[in-house]
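Asks: my questions concern the predicted model and sequence given below.
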Amino acid sequence: MKTHESGMRQDNCPEITFNLDDVKLPPYFPDTKKVRESIARMYTNIEINDRIFGEILKQLEEDGHADNTVVFHWSDHGPLPRGKRWLYDSGIHVPLIIRWPRHLKPGIISRRLISTIDLVPTVLSIAGIQPPFYMQGVPFLGKYAKPPRKYVFASVCRILFIQNKTRRGTV
């Protein structure tokens, strides 16, 4: 949850660990101190999250479960405009890292189109369970993995601007 939108509040990330002058801005953001602070705060949260994730992997190793555990690290789309709640690449093109010893070689990069609805059918497939026909997702690993898809569909939701005129004004 550290990299969730709520992590961008100053009280949830009071200390920024990145130099504002070193922050590279996407071309669609204005170059202002506030924007640089926001991106630096996001990078700080990513750094903290990365450290926590490393501790979890270390614990798996220490407990003797690293070789028999599939680890998915599916990132969020980011808390900034054009990421959160929008259908730009910056909003729907998010990182997915999978660690599956003895099945996936480290460092391999895939350009396969994957959607979050594919996660459950993929976990079932890895466990050797055929995903039910009514599941919308496509398993991309495991015994029941399907060929890569040509398209991923995305939509905007959770943002509705409704104006209702009543005698008391606009609601």
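Replies: It's in. This one's a predicted model, so the numbers in the text were calculated from it and none came from an experiment.
Asks: what is the neighbour count of the nearest residue to P139 once chain neighbours are set aside?
Replies: Of all residues not flanking P139 in the chain, S125 sits nearest, at 3.7 Å (C-beta to C-beta, 6 or more residues apart in numbering). Heads up, the C-betas are built off the backbone N, CA and C, glycines and all. By other C-beta atoms under 10 Å, the residues close to S125 number 22.
Asks: also H103?
Replies: 11.
Asks: low-confidence stretches in this protein?
Replies: 157-171 (pLDDT under 70).
Asks: any idea how far P132 is from the residue nearest to P139?
Replies: For S125, the distance to P132 equals 12 Å [C-beta to C-beta, to the nearest Å].
Asks: residues shared between the contacts of these two?
Replies: Residues touching both S125 and P132 (C-beta atoms under 8 Å, 6 or more residues apart in numbering): none.
Asks: so for the most centrally placed residue in the chain, what's the nearest residue that isn't a sequence neighbour?
Replies: In the chain, the C-alpha closest to the average C-alpha coordinate belongs to S75, at a distance of 2.0 Å (C-alpha atoms, centre = their mean). Leaving aside its chain neighbours, S75 sits nearest to P95 (4.3 Å; criterion: C-beta to C-beta, 6+ apart).
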